[in-house]
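[1] Curious how this folds, go ahead:
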Amino acid sequence: MELHKIEILVDKYFAGETSIAEEKELKNYFSSSDVAPHLEQYKAIFGYFGQAKQEQFTRTVPLQPRKRNYVAWISVAASIAVLSGTLYFMNQPSEQPVANGLGTFDDPELAFQETQKALQMVSENVNEGVKSIEYVNEYNQTTKTIFK
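    You can find the predicted model right below:
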């Protein structure tokens, strides 16, 4: 009767339907010395669990990960690049003839020309805004005629 029960448990085990207690019973049976000859092939499967329980991890695990120094060097190189670029552009000679550094000019003719340039630029931008307002007005008139 015991052998028939073990065969049923082996079938249930491979079908994935055994409980923990049934698996322990199979492990105990296959770890004993009196295993039926036709079930001898399953002894290695169930014997593996006992052997795996005896294994231990023996390698040492470093607690601190190695720090990478290249990250520090990259940040130093980036800082030097930004600093040298800033110094290069700050030392370039200014092309605008600004006399006092406060945006004032010593030459009234030059000041008049610069003011005309600034007003021309503002005028162009205002004209662009006026064109878009014309489109909005046309849209409003069209919607009023449609939804009267």
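[2] Please count neighbours and contacts with C-alpha atoms only from this point.
    Will do.
[3] remind me which residues of this structure are low pLDDT?
    Along the chain, the model assigns pLDDT under 70 to residues 1, 49-51, 65-67, 94-104, 148.
[4] what about Glu23, how many residues close to it?
    Applying other Cα atoms under 10 Å, we find 16 residues neighbouring Glu23.
[5] For it, pull up the helix or strand it's in.
    In the assignment (DSSP states H and E), Glu23 maps to helix 20-31.
[6] and that helix, which residues are buried?
    By neighbour count on 16 or more other Cα atoms under 10 Å, the buried set for helix 20-31 is 22-23, 26-27, 29-31.
[7] which helices and strands sit right next to it?
    helix 2-15, helix 43-54 (3 or more Cα pairs under 8 Å, 6 or more residues apart in numbering; DSSP states H and E).
[8] from the middle of its chain, how far away would that helix be?
    47 Å (Cα atoms, centre = their mean, to the nearest Å).
[9] what angle sits between that helix and helix 2-15?
    Interaxial angle, helix 20-31 versus helix 2-15 (axes from the mean of the first three to the mean of the last three Cα atoms, to 10 degrees): 120 degrees.
[10] going forward can the numbers begin at 25, since that is how I track them
    From this message on, residue numbering opens at 25, which makes the last subject helix 44-55.
[11] Go ahead and name everything in contact with helix 44-55.
    Applying Cα atoms under 8 Å, 6 or more residues apart in numbering, the contact partners of helix 44-55 are 30, 33-34, 37, 59, 66-67, 70-71.
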